[in-house]
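Trainee: Please work out how this folds:
(chains A and B)
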Amino acid sequence: MKLHEYQSKTIFSKYGIPIPKGRVAATAVEAKHIAEELGGRVVIKSQVLVGGRGKAGGIKLAKDPNEAEQLATQILGMEIKGLPVRKVLVDEAASIDQEIYLGITNDRAAKKPVIMASAAGGVDIEEVAATNPEKIIKVHIDPLLGIRDYQTRDIASGIDLPREYWKSFGEIVKGLWQAYSDNDATLAEINPLVISKDKMVALDGKMLIDDNAMFRHPNLNEMRDLDVEAPSEIEARKYGLTFIKLDGDIGCMVNGAGLAMATMDIIKLFGGEPANFLDIGGGAGADKVAAAMRIILSDPNVKAILFNVFGGITRGDEVAKGILAAMKEVKPTVPMVIRLVGTNAEEGRRLLADADMITAETLADAAKKAVAAAQGA
Amino acid sequence: MSVLVDKNTRLIVQGITGTEGLFHTQQMLAYGTNIVAGVTPGKGGEWVEGKVPVFDSVKKAAETTEANASIIFVPARFAPDAMFEAADAGIPLIICITEGVAVQDMMRVRNYLDQKGVRLIGPNCPGLLTPGEAKVGIIPGDIAIPGNVGVVSRSGTLTYEVLYAMKNIGLGASTCVGIGGDPVNGTNFIDCLEMFNDDPKTEKVVLIGEIGGNDEEKAAEYIANKMTKPVVSFIAGQSAPPGKRMGHAGAIIEGGAGTAEDKINALKSAGVRVARHPEEIAELLK
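Mentor: Numbering: from 1, shown residues only, chains lettered A, B, ... in the order given. This is a model prediction of the structure:
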């Protein structure tokens, strides 16, 4: 789950990281009031969960409250990479002497969190990593020990930070570590962390939270922005299904993530295009299968559906019952190809014998039949 | 011979009285797996299926039964504690089936278990199957026959698909290891390749990977330099869009890294035959 800049920075400030004065606004009038409170120049920053906001014209500098209102009107009417701007952050403008990158993420290969820092901040860090990897300092943290003071000094000297800033930088690194650690983040990032009039300030902030840890963070769950997800994906989550919408025309329903991916791949291999990724998970009952089928059929692009179920914990008869229940309710008009193998598959096939479905024995056979059906053959 | 589990495995089931734990205990017992104890805190003294004693802690269960492996079926929020508990009780092999363990928890677990020299399989995995000897996990027993092909996989049902296609043409497995689909896990591809390389019963190896991370690339490097047995592979997720987590927490293309194409190319350069779809693996093994 992604947090907005204003949400991330609010969390950072709770951990002692200095952030600019400012607040979030949903209307231009509000933005004007905030600008009046702050006095002087302000930055109007669109709050959308995509990168490249600045390049898209979603971040603007205003010299007074009237201009702040004007720019906020403009930005609040924008769409950036398909996402509507519903809020803007109004921050006091800072003079910038140096821009630093500071981030913590999980290094899956090392099985440890890694702190990354660079004196080349303010730009896309992946670009720096690709072109000048030597400009990025990496320090791994033992997850059982947490961060130690000497490590913050190693980072500071590694990016050639002037010594007078080492102490305040160390506090910021430790604060960011605590924010990352306490909130089960998979990424906590300040880009840029600036030196402004002899002080360090986090001008921007980004956090990604581990979805598997949400049970510990009900407060963060309330911050979830549903704009970034397709409505069908939100609906699927309610039923405990993993659904990802794609651009093709063959709907897929599969048990297991790896097999769901392989099913999409084989559709493509035989000349078709998958309309979605859908994992019904292990042990799905009839209700879940019916919900999955409704979600697939809500996509008008779908011209055929491929069901591929390899029963283990999931039982073929339960899947068949779900399909039958959903068929009664949504009355699908597209051709459906089904392949059932494994636990209770025979009983499932018997239940579906009278249903108007194309059956297949192997995955390859099922994929070929689905591609042919979608092409109207 | 086989790897990790066989008829000498003495297994504890953590979470044995839960729905999942109980169902799979029945399945494993029916297969002939030697389950010596179960653990559910607060239910010590009970019996499961009339023959498996339940204990309050892994320590008590291990002391009483001389268990040498433990399988975990507890919910995600309790799974890290279950893994720490098994490690502290001196269990050398832990298999965690549970899906959805938080990644920061897993980093702590993994670093702790490494210090203790404990081998972990999973989490978010289907476990282990040595056909004809022991089923330690949720892989359906009837889809695989004993044989000389070692199978290692990040996926569950996709692995079933491959085992089943192998069985259909008379090919069996020495051991099948499901290492799981999480970004931070225990045993990895290279660990399994090493074990299969040293196992006299294993003659060929199947490696089933998927998008995300670079474990397949590292495995390719190992295969090129050390592996003496032929390896056949399939990589899932060739049609997956970047930036989306494809069901498994670890299956995501991030910053252009972790694509199926990179993995397939690395494996092919290492001399691995890569199948275009899962059923083709069986053909390539012939």
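Trainee: and the residue of the stretch 51-200 of chain B nearest chain A?
Mentor: Here the stretch 51-200 of chain B gets closest to chain A at one residue, B:S155, 2.5 Å apart by CB to the nearest CB. No exception for glycine: its C-beta is placed from N, CA and C like everyone else's.
Trainee: Might you report the residue contacts of that residue?
Mentor: B:S155 makes contact with A:256-259, B:178, B:181, B:208, B:210, B:236, B:248 under the criterion CB atoms under 8 Å, 6 or more residues apart in numbering or on different chains.
Trainee: So B:V74 versus A:K21, what's the distance?
Mentor: In this view, B:V74 and A:K21 are 47 Å apart by CB to CB, to the nearest Å.
Trainee: between the two, who's got more neighbours?
Mentor: Shown here are B:V74 and A:K21; by other CB atoms under 10 Å in any protein chain shown, B:V74 has more neighbours (23 against 14).
Trainee: Apart from its neighbours in sequence, what residue is nearest the more buried one?
Mentor: Closest residue to B:V74 apart from its sequence neighbours, by CB to CB, 6 or more residues apart in numbering or on different chains: B:G15 at 3.9 Å.
Trainee: what's the answer for A:N221, then?
Mentor: The nearest residue in space to A:N221 (CB to CB, 6+ apart) is A:M214, at 5.3 Å.
Trainee: For the chain, list the residue farthest from the centre, please.
Mentor: If you meant another chain, say so; for now it's chain A. In chain A, A:D354 marks the outermost C-alpha relative to the chain mean, sitting 42.2 Å out by CA atoms, centre = their mean.
Trainee: oops, I was thinking of chain B
Mentor: No residue in chain B sits farther from the centre than B:G45, which is 30.2 Å out by CA atoms, centre = their mean.
Trainee: mind checking pLDDT for the closest residue to that one other than its chain neighbours?
Mentor: Of all residues not flanking B:G45 in the chain, B:V54 sits nearest, at 6.9 Å (CB to CB, 6+ apart). Turning to B:V54, the model gives it a pLDDT of 98.
Trainee: ok, now the one 4 residues further on?
Mentor: In the predicted model, B:V58 carries a pLDDT score of 98.
Trainee: for it, what are its contacts?
Mentor: For B:V58, the contact set (CB under 8 Å, 6+ apart) comprises B:12, B:14, B:39, B:70, B:82, B:85-86, B:88-89, B:91.
Trainee: contacts for whichever strand in chain A runs longest?
Mentor: In chain A, taking DSSP state E as the definition, the longest strand is strand A:185-196. The contact list for strand A:185-196, computed with CB under 8 Å, 6+ apart, reads A:8, A:12, A:17, A:94-106, A:121-122, A:125, A:165, A:172, A:176, A:179-180, A:200-210, B:103.
Trainee: mean confidence score for that strand?
Mentor: 96.
Trainee: In contact with residue 179, which residues?
Mentor: Let's take chain A. Contacts for A:A179 (CB under 8 Å, 6+ apart) come out as A:11-12, A:14-15, A:17, A:185, A:188, A:207.
Trainee: To clarify, I was referring to chain B.
Mentor: By CB under 8 Å, 6+ apart, the contact set of B:I179 is B:121-122, B:125, B:152-154, B:185-189, B:192.
Trainee: quick revisit: now the residue nearest to B:G45, what's its secondary structure?
Mentor: Three-state assignment for B:V54 (DSSP: H, G, I helix; E, B strand; the rest coil): strand.
Trainee: can you list the residues of the stretch 1-150 of chain B near chain A?
Mentor: Residues of the stretch 1-150 of chain B lying close to chain A (CB under 8 Å from any CB of the partner chain) are B:20, B:23, B:76-77, B:100-108, B:110-112, B:126, B:138-140, B:143.
Trainee: Please spell out the ChimeraX selection for the buried subset of those.
Mentor: Buried residues within these, by 16 or more other CB atoms under 10 Å in any protein chain shown, are selected in ChimeraX with:
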select /B:20,76,77,100,101,102,103,104,105,106,107,108,110,111,112,126,138,139,140,143
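Trainee: Mind jotting down where the strands sit in the stretch 1-150 of chain A?
Mentor: Listed in chain order, the strands of the stretch 1-150 of chain A (DSSP state E, counting those that start in this stretch) span A:2-3, A:22-25, A:42-46, A:59-62, A:79-80, A:83-84, A:88-92, A:98-107, A:112-118, A:136-140.
Trainee: typed the wrong thing, it's chain B
Mentor: B:11-14, B:35-39, B:47-48, B:52-55, B:69-72, B:93-96, B:119-121, B:127-130, B:134-137, B:146-153, B:173-178, B:204-210, B:231-236, B:273-274.
Trainee: In CSV, list the ones you listed along with mean neighbour count.
Mentor: Below are these laid out as CSV (neighbours: other CB atoms under 10 Å in any protein chain shown):
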stretch, mean neighbour count
strand B:11-14, 29
strand B:35-39, 25
strand B:47-48, 16
strand B:52-55, 20
strand B:69-72, 28
strand B:93-96, 28
strand B:119-121, 23
strand B:127-130, 27
strand B:134-137, 27
strand B:146-153, 24
strand B:173-178, 28
strand B:204-210, 26
strand B:231-236, 26
strand B:273-274, 18
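Trainee: Quick check: the gap between the residue most central in space within chain B and B:H277.
Mentor: Note on chain B: the residue nearest the mean C-alpha position is B:G178, at 2.6 Å, using CA atoms, centre = their mean. Between B:G178 and B:H277 the distance is 20 Å, computed by CB to CB.
Trainee: again with A:V341
Mentor: A:V341 is 15 Å from B:H277, by CB to CB.
Trainee: what does A:K288 give?
Mentor: As judged by CB to CB, A:K288 and B:H277 stand 26 Å apart.
Trainee: same question, A:A56
Mentor: Computed as CB to CB, the A:A56 to B:H277 distance reads 40 Å.
Trainee: Which one of these two is surrounded by more residues?
Mentor: Neighbour count, other CB under 10 Å: between A:A56 and B:H277, B:H277 has more, with 21 against 17.
Trainee: quick one on the thing from earlier: tell me the gap between the longest strand of chain A and the middle of its chain.
Mentor: 18 Å (CA atoms, centre = their mean, to the nearest Å).
Trainee: And whatever helix or strand comes next after it, what does it pack against?
Mentor: Next in sequence after strand A:185-196, counting helices and strands by DSSP states H and E, comes strand A:199-202. With contacts taken as 3 or more CB pairs under 8 Å, 6 or more residues apart in numbering or on different chains; DSSP states H and E, strand A:199-202 sits against helix A:166-182, strand A:185-196.
Trainee: Past strand A:199-202, which element shows up next along the chain?
Mentor: Using DSSP H and E, the helix or strand that directly follows strand A:199-202 along the chain is strand A:206-209.
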